[in-house]
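Chemist: Sharing a model that was predicted from the sequence below.
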Amino acid sequence: MRINRIKLVTEMARQGITQLQLAEQSGLSRTTISGVQNGRSCSNVTAIKIADTLKVPIESLLEN
């Protein structure tokens, strides 16, 4: 699954959340969050954890 990095960075900025905070709150590593932010694909579980932590629908973060 590929999260749109611009959408992710924009949502994180809107919420004022850092990579480290997102990692800690989602239970993922900072390396994983960094990779997703840099355009790497991720598992469905990882994408869902990120969306759930940000409290946004998964569809709002995915590539079109």
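Modeler: Structure's in. What do you need? Numbering: from 1, shown residues only.

Chemist: For the residue nearest the centre of the chain, which residues are in contact?
Modeler: The centroid of the chain falls nearest to residue 50 when counting by CA atoms, centre = their mean (4.3 Å). Residue 50 is in contact with 3, 8, 22, 26, 28, 33, 36, 42, 61, counting by CB atoms under 8 Å, 6 or more residues apart in numbering. In this view, the C-beta of every residue, glycine as well, is placed from N, C-alpha and C.

Chemist: Need the phi and psi values for residue 7.
Modeler: Note on residue 7: its backbone torsions stand at phi -60, psi -40 [degrees, to the nearest 10].

Chemist: just residue 62 next, same as before
Modeler: Here is the backbone geometry of residue 62 (degrees, to the nearest 10): phi -80, psi 160.

Chemist: List the contacts of it.
Modeler: Contacts of residue 62 by CB under 8 Å, 6+ apart are 1-4, 7, 47.

Chemist: so what's it bridging to?
Modeler: Beta bridges link residue 62 to residue 3 when assigned by DSSP bridges.

Chemist: Show the pLDDT at it.
Modeler: If you check residue 62, the pLDDT there is 96.

Chemist: Give the PyMOL command for selecting the buried subset of the contacts of residue 62.
Modeler: Applying 16 or more other CB atoms under 10 Å to those, the buried members can be selected in PyMOL as follows:
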select buried, resi 3+4+47
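
Chemist: Could you dump the contacts of residue 62 into CSV with pLDDT and distance to residue 56 added?
Modeler: Output for the contacts of residue 62, formatted as CSV (pLDDT from 0 to 100; distance: CB to CB, whole Å):
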residue, pLDDT, distance to residue 56
1, 89, 15
2, 94, 16
3, 97, 11
4, 97, 12
7, 97, 9
47, 98, 11
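
Chemist: Low-confidence regions, this protein specifically.
Modeler: Applying pLDDT under 70 to the chain picks out no residues at all.

Chemist: so where do the helices sit in it?
Modeler: 5-15, 19-26, 30-37, 44-54 (DSSP state H).

Chemist: between the last one and helix 30-37, what angle do the directions make?
Modeler: Computed with axes from the mean of the first three to the mean of the last three CA atoms, to 10 degrees, the direction of helix 44-54 lies at 90 degrees from that of helix 30-37.

Chemist: Noted, bye for now.
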